[in-house]
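Visitor: Take this sequence and fold it.
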Amino acid sequence: MKCIIVDDEPLALNDMERQLKKLGGIEICGKFGNAREALDALGALEPNVVFLDIDMPVMNGLEAAFHFQEAQPGVRIVFVTAYQEYALRAFEVNALDYLLKPVLLPRLAQTLQRLESAATAVAATANAAAAGVDATIRCFRSLSVEYGSPPSQLAWRTNKAQELFAYLLHRRGQQTRKDTLIELLWPELAPERSYALLYTTVYQLRKSIDAAGIGIRIQNTKAGYELVTDDIVIDVDEWERRMPTNDDNSPDQLQHYEAWLDAFTGDYLEEQDYEWADAERRRLRILWYRYALRLASLLEEHGMPEHGLDWLYRVQARFPYSEEVCFQIMKLHAALGENSMVDQQYTLLVKMSEEQYGQPPAADIAAWYAGRRPDQPAPTLHP
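Guide: The predicted structure is shown next:
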C-alpha cells in the first residue's frame, strides 16, 4: 500500500512521515506542501491513500479531496487536521478517517488497520467482478440494476444518484460533460457546491457498483464521464435486438412475436418520468404500438380474429386516444358479426373525439360506420 502526505506545515509533514515509518506496512511515495503539487504528481505516483491536511493555502483539503477522487477513483482520503469542526464536511467527501493533530501513534495504527480492511474488501470485490457477476439493467417501467443469485438490486443513495446513473446510461457509450450534469441535476446551486455534489455522487455510485461486483464502469473523460456497460444485459437493448423481422409472419413465429411484445412491461423509465427521457420514451412506445397492430392483423390473417381483438384492446388500453386502434377494433367486430360491439366502440370514439379534440371522428371512419348501418344515424353526443 502506497501513500502521499499533504500538509503546508513542515513539522506536521515530517511528524506524519516519522510515525508511518515507525508503524510500517505502508510506503510513503511523496510529501507535498500544498494540494496542487500533490495533484500534479498523482498520476505518476498512483498512491492508494492520501493523508491530507484541511486548512491549507492554494487549495484547501476538502476541495482537494474531490479532485483526488476524481483523478484517481478508489484513492482513500484520510484527513489530518487541528480543527474538529471540519469532521462532518470531511465525511461528506467519503473520507476513510479523520485524525486530529497531534496524531497519536495508537490512533494512527487504527487508521492503518481500517485501510487494510478496506483494501481487502476492494480485492474481494475485484475478484467477484472478474468472476463475472451476472447483472441486468432494467429500464422498462422503472430503473433497476439486478445482480447475483439470488437477485439483489443496486441501492441508490439518493434520487440524484439514481438520475445521474440513468442519464449516463441513457447516453451510454458517449461522453457526458460535467457542466451538462450540473445543469441537469443542480442548476440552482453555486458552482462550487454543485461540483462538490457531482464528485460525491459519482464516488458513491462507483462505490456501490464496485461493492456489487458488477461489470459497469463510470470512466473519467477529458471533460466529463462515460458509462461503460461491457456485456451487461440492458432490457431495452435486448428488446430491440430481438425485434421481429418482416419475415416473422408464419403461424410458428407468432408466439415469438407475442413474447417480444409482452417483454415491453412498461414505458422507458416510466416511474422516474425524467423529462430528458421523453423522446426515447415516445420512440419505444410507437415501436410497440406499430408492432402490436401488425400482430393483431397477422392473427386475423391466420384465422385467430378473437385473439387479434385481445391485442387490439391491449393497444387501446395503452393508447386510449388513438382513432386508428378504435377503427381497427370496430372493423374486426364487424367481421365477426358483433354489431353491438361496433356500436359501442363508435359511441366511445365520438365521446373521446369531442372531449379530447373538440370535433367529430375522422370523416373516413364516420363514412364507414354510416355506410355499414344505413338504417341508423351515427350517434352523437348531446350536452
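Visitor: care to break this protein down by domain?
Guide: As given by automatic domain parsing, the domain ranges for the chain are 2-131, 135-233, 236-372.
Visitor: can you redo those domains as a markdown table with mean pLDDT and mean neighbour count?
Guide: Where C-beta positions appear, they are placed from N, C-alpha and C, glycine not excepted. Below are the domains of the chain laid out as a markdown table (pLDDT from 0 to 100; neighbours: other C-beta atoms under 10 Å):
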| stretch | mean pLDDT | mean neighbour count |
| --- | --- | --- |
| domain 2-131 | 87 | 17 |
| domain 135-233 | 91 | 17 |
| domain 236-372 | 93 | 15 |
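Visitor: next structured bit after the host helix or strand of Thr180?
Guide: When elements are assigned from DSSP states H and E, Thr180 belongs to helix 178-185. On the C-terminal side of helix 178-185, the nearest following helix or strand under DSSP H and E is helix 191-212.
Visitor: Now for the closest residue to Gly215 other than its chain neighbours: which residues touch it?
Guide: For Gly215, ignoring the flanking residues on the chain, the nearest one in space by C-beta to C-beta, 6 or more residues apart in numbering is Asp230 at 4.7 Å. Shown in contact with Asp230 (C-beta atoms under 8 Å, 6 or more residues apart in numbering): 215-217.
Visitor: ok, Asp55 touching Thr81?
Guide: Yes - at 6.4 Å, Asp55 and Thr81 qualify as touching, with contact defined as C-beta atoms under 8 Å.
Visitor: Now do the shared contacts for these two.
Guide: Contact with both Asp55 and Thr81 is made by residues Gly61, according to C-beta under 8 Å, 6+ apart.
Visitor: surely Ala35 meets Phe51?
Guide: No - using C-beta under 8 Å, Ala35 is not in contact with Phe51; the gap is 11.9 Å.
Visitor: In space, not sequence, find me the middle residue of this protein.
Guide: Ala166 (2.2 Å; C-alpha atoms, centre = their mean).
Visitor: ok, now which ones touch the spatially closest residue to Tyr195 that is not a sequence neighbour?
Guide: Nearest residue to Tyr195, sequence neighbours excluded (C-beta to C-beta, 6+ apart): Ile182, at 6.8 Å. Shown in contact with Ile182 (C-beta under 8 Å, 6+ apart): 191, 194-195, 198.
Visitor: Any chance of those in JSON lines with distance to Ala71 as columns?
Guide: Formatted as JSON lines, these follow (distance: C-beta to C-beta, whole Å):
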{"residue": "Pro191", "distance to Ala71": "19"}
{"residue": "Ser194", "distance to Ala71": "19"}
{"residue": "Tyr195", "distance to Ala71": "14"}
{"residue": "Leu198", "distance to Ala71": "14"}
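Visitor: Return the member of those residues nearest to His170.
Guide: The closest of the contacts of Ile182 to His170 turns out to be Leu198 (C-beta to C-beta; 16.9 Å).
Visitor: circling back: now do the SS call for the residue nearest to Gly215.
Guide: What DSSP: H, G, I helix; E, B strand; the rest coil gives for Asp230 is coil.
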